[in-house]
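# Just to be clear, the model below is a prediction. Sequence and coordinates:
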Amino acid sequence: MVTATLTSKGQLTIPKAVRDSLNLHAGDRVAFIVHNDTEAVLKPVTKSVDEVFGRLHSAGQQPKSIEDMNAAVAKRMRERK
């Protein structure tokens, strides 16, 4: 079991093992769901399309077709096996 300590200001540092497992990074948001006043679940909050729009664009980069993107994904999946 991984634990964390609550500070006097009510803050927690999420342990690295948990951050890695949930793929959390600085600035990411999390939600706490409380069950029966005795248990809480921490869940990453998914980003909306508007928040990530344009993040993969590079100046001068030509648009890729759906076929090109599908081929790139398929190639990467084959390499991972």
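The structure has been received and is ready for your questions.
# what stretches of the chain score poorly on pLDDT?
Scanning the chain for pLDDT under 70 picks out 51.
# can you give me the helices for it?
Ranges of helices within the chain are 16-22, 49-52, 66-80, based on DSSP state H.
# Could you say which of these is packed most deeply?
Sort the helices of the chain by mean neighbour count, taking mean count of other CB atoms under 10 Å, and helix 16-22 sits at the top with a mean of 12. Yep, even glycine has a C-beta here, placed from its N, CA and C like the rest.
# packing partners for it?
Contact here means 3 or more CB pairs under 8 Å, 6 or more residues apart in numbering; DSSP states H and E; on that basis helix 16-22 packs against strand 39-44.
# Now do the strand it packs on: which elements does it pack against?
Judged by 3+ CB pairs under 8 Å, 6+ apart, strand 39-44 is in contact with helix 16-22, strand 30-35.
# Nearest approach to residue 43 belongs to which of these?
strand 30-35 (5.0 Å; CB to CB).
# Parallel or antiparallel, which strands does that closest one pair with?
Paired neighbours of strand 30-35 in the sheet (DSSP bridges): strand 39-44 (antiparallel).
# Buried residues of the partner strand, list them for me.
Judged by neighbour count using 16 or more other CB atoms under 10 Å, strand 39-44 contains no buried positions.
# Nearest to residue 41, out of the helices of the chain?
Comparing the helices of the chain by CB to CB, helix 16-22 comes nearest, at 11.4 Å.
# Contacts for the closest one, please.
Residues lying outside helix 16-22 but in contact with it, judged by CB atoms under 8 Å, 6 or more residues apart in numbering, are 2, 24-25, 30, 42, 44.
# Make JSON lines out of those residues and add distance to residue 57.
Formatted as JSON lines, the contacts of helix 16-22 follow (distance: CB to CB, whole Å):
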{"residue": "2", "distance to residue 57": "37"}
{"residue": "24", "distance to residue 57": "24"}
{"residue": "25", "distance to residue 57": "20"}
{"residue": "30", "distance to residue 57": "28"}
{"residue": "42", "distance to residue 57": "32"}
{"residue": "44", "distance to residue 57": "24"}
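# Pick out whichever of the residues you listed sits closest to residue 55.
Proximity of the contacts of helix 16-22 to residue 55 (CB to CB) peaks at residue 25, which lies at 13.1 Å.
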